[in-house]
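Q: can't give you the sequence, but here's the structure:
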C-alpha cells in the first residue's frame, strides 16, 4: 500500500514551501512513505543528503508531537533554529544548558499539545518526571538521530542510548524513526534490535561520495608527519578539518599550523565549554581556516564548504572514518580525504580494543549485588557496590540484559529478571559475548590497517565494507590515480620521465638519504616497501613501510641500508 496522491501533495507542498526543496531525494521519499504509513523505520543516508527533512516533514503532517533524541546540544540548537526559520511548527529544546524555567515551559507545552517538536538529550530520559510527562503527551513520532550511537559494534557508542528501547516501549511504542549517516549491516541489525523496532522498514541509499577524493600517505614520527601535513594542506583549498587521536596532539598540530601561517585552532573535550563553543563558532563563521580536533568535534556540524578532512591519526574503525570524512564536500563540490597512516598509531587503538574483558567472577559480582539489594540500581551505584569500574559494570549489565538475566528501566536502572534455570550457562554466554565484542573491535582496527595498505581501489573497499558496491569508474582515489597514470605512461613511451622509474638518490630528499621519500624499494626478506622517512642528521636509519611486514627501521651505513635495500621498479 502506498500513500495517496493527496498525501503526496501535502508532502511536496511542505518540502517546497517550507524547506525550499525542488524535489525529494529517493531515500527521503522512501523514508517518508514508510513513516507516514505508520512503520518503524531505519534510514541510512549519507552526510548532507537531508536526513533531518524526513522527520521535519513527517512531524508536521502526523497529528501529535514529535520527540527527537539527539546526542549533541549544538546539533539540537541548530535543528531548533532550522525548524523555527522554516515555520514547520512550535519547537523547543530540553537539555542541561537550558534554564530550568524554559525546560519546564517546554514540557508543559508538550503535554498541552502546543508543541510540535521537542529535542532531548538522551540523558534527560533518566528523569522519571520527564518520562511521565512524555507519556502524558503521547508523542506520535519518536526520532533517534545519530542512531549508530546505540551500537557497541559501531562507532561513537553512547551508553545513554541503550535505554532508548525501554523508553520507546514505555511511551506505548509510537512509530519510531532512526537516522544515521553510516551503518554497516551488523550495526543496522543492532540498531533495530536495541530500539525494539517492530518489523522495521530499512532504507539504505548508496554510500558513495563521488566528490571526495580518497588518499593515504604512510608517514612515521611526529616531526615528519607535521611537515607532510603542512605540505599537503598547502596544496588544498581551505577550510578544512584535521583529526587527531589525543587532546595533546590536537593542540600541538594546531600550533604547528599556526607557525606556518594558517588560522588554526585546536578543539577537544579538555577545553571549557565556552572555549569549545567559541572555537567551533570561529571555524563555522570563517574566522578560522583549519580546526584540529579529536572526535569530540564534527557530529551534526553543518558546514557545507569544508574542502578537506585529514586524519593525522587513523580512526578506530572504517565506520568512524567514513563518518568523519563525510564532513567534507557537503556542498557537492570537490573535496579531499587524506589519511596520514603510521602502523604505530594503531597501537593505542589496539590497546583500547583489547580492553573491557569480563570474568565470570565479575559478572557474578554484579548479579550478587542486585540479589542483595532486591531493588533496581543505577549504573554508578551498582559499580560501587560490585567494586568494579563503571566500564566493566556497563559491559556486564549490557551482556546480562542480552541474555535476559537483567532488565533495564527507561531511567537506566537495572534489576533482576526471573532468573529461571541455567543461570550459570547464561553467565558464561554473557562473558563469551563480551569476548566476541572485544574481538570484533580488534577486527575493526585491522580493517583500518587493510584500508591504509590497500593497493586496490579505496572507494570500492569502503563501499564494500557497508554492503554497497562501486558502479562504474572510481571518481578519485590515489591508487586508481596511480594506475591510470601508469597506463598513460605505457601508452606514451616517448615520455622521458616517469614517476614509476627506478628510484634514484635525491639530494633534496629528507637529510639527503639514499632514496627519495615515497620511492619504492626492495628488501630480500621483506619484499617491496615504500620509504616514508629518515631518522637522525645525517640520517642514521631509514623508515620503510613494507607491504606485508609493516614499518621497519633499517640502519644506514655510509649511505647504504643494512640489510641492503634496492630500488624497486
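A: Cool, the structure landed. This structure is a prediction, so every number in the text was calculated from the model and none was measured.
Q: Please name every helix or strand in contact with the helix or strand hosting residue 490.
A: Taking DSSP states H and E as the definition, residue 490 sits inside helix 478-491. Contacts defined by 3 or more CB pairs under 8 Å, 6 or more residues apart in numbering; DSSP states H and E place helix 478-491 against strand 212-218, helix 458-465. Where you see a C-beta, it was placed from the backbone N, CA and C, and this is true even at glycine.
Q: Now tabulate these in a markdown table and tack on distance to residue 99 and mean neighbour count.
A: A markdown table is the format used below for the helices and strands packed on helix 478-491 (distance: least, CB to CB, whole Å; neighbours: other CB atoms under 10 Å):
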| stretch | distance to residue 99 | mean neighbour count |
| --- | --- | --- |
| strand 212-218 | 41 | 22 |
| helix 458-465 | 44 | 20 |
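Q: Pipe the ones you listed into TSV and attach mean pLDDT and distance to residue 445 per row.
A: Below are these laid out as TSV (pLDDT from 0 to 100; distance: least, CB to CB, whole Å):
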stretch	mean pLDDT	distance to residue 445
strand 212-218	95	16
helix 458-465	94	14
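Q: JSON lines for the ones you listed, including distance to residue 104?
A: Formatted as JSON lines, these follow (distance: least, CB to CB, whole Å):
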{"stretch": "strand 212-218", "distance to residue 104": "45"}
{"stretch": "helix 458-465", "distance to residue 104": "46"}
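Q: still on that earlier bit, between helix 458-465 and the helix holding residue 490, find me the angle.
A: Interaxial angle of helix 478-491 relative to helix 458-465 (axes from the mean of the first three to the mean of the last three CA atoms, to 10 degrees): 140 degrees.
Q: Give the other helices and strands that the host helix or strand of residue 27 contacts.
A: Assessed by DSSP H and E, residue 27 sits inside helix 26-36. Here helix 26-36 touches helix 5-17, strand 41-44, helix 51-61, strand 175-180, strand 201-204, going by 3+ CB pairs under 8 Å, 6+ apart.
Q: among those, which is nearest residue 396?
A: strand 175-180 (26.0 Å; CB to CB).
Q: what packs against that closest one?
A: Secondary structure elements in contact with strand 175-180, counted by 3+ CB pairs under 8 Å, 6+ apart, are helix 26-36, strand 41-44, helix 51-61, strand 141-144, helix 185-194.
Q: which regions of this structure sit below the pLDDT cut-off?
A: Where the chain drops to pLDDT under 70, the residues are 1, 48, 153-156, 296, 298-301, 419-420, 493-512, 557-563, 569.
Q: Nearest the middle, which residue of it would you pick?
A: Geometric centre of the chain, nearest residue: residue 320, 3.3 Å, by CA atoms, centre = their mean.
Q: Checking that one next. Helix, strand or coil?
A: Secondary structure, DSSP: H, G, I helix; E, B strand; the rest coil: residue 320 is helix.
Q: hmm, back to that, JSON lines for the helices and strands packed on helix 26-36, including mean neighbour count?
A: As requested, these are exported to JSON lines (neighbours: other CB atoms under 10 Å):
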{"stretch": "helix 5-17", "mean neighbour count": "14"}
{"stretch": "strand 41-44", "mean neighbour count": "26"}
{"stretch": "helix 51-61", "mean neighbour count": "23"}
{"stretch": "strand 175-180", "mean neighbour count": "26"}
{"stretch": "strand 201-204", "mean neighbour count": "18"}
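Q: Can you pull the domain assignment for the chain?
A: Annotated domains of the chain cover 5-204, 212-348, 360-444, 510-567 [automatic domain parsing].
Q: Can you get me the centre-to-centre distance for the shortest one and its chain?
A: So the one you mean is domain 510-567. Its chain's average C-alpha position is 35 Å from that of domain 510-567, according to CA atoms, centre = their mean, to the nearest Å.
Q: can you check stretch 146-155 too?
A: Mean-position distance between stretch 146-155 and its chain equals 9 Å (CA atoms, centre = their mean).
Q: same thing with stretch 4-23?
A: Centre to centre, stretch against its chain (CA atoms, centre = their mean), the figure for stretch 4-23 is 31 Å.
Q: try stretch 54-68
A: Using CA atoms, centre = their mean, the offset of stretch 54-68 from its chain centre is 26 Å.
Q: Out of the helices and strands packed on helix 26-36, flag the one nearest residue 377.
A: Comparing those against residue 377 with CB to CB, the closest turns out to be strand 175-180 (27.7 Å).
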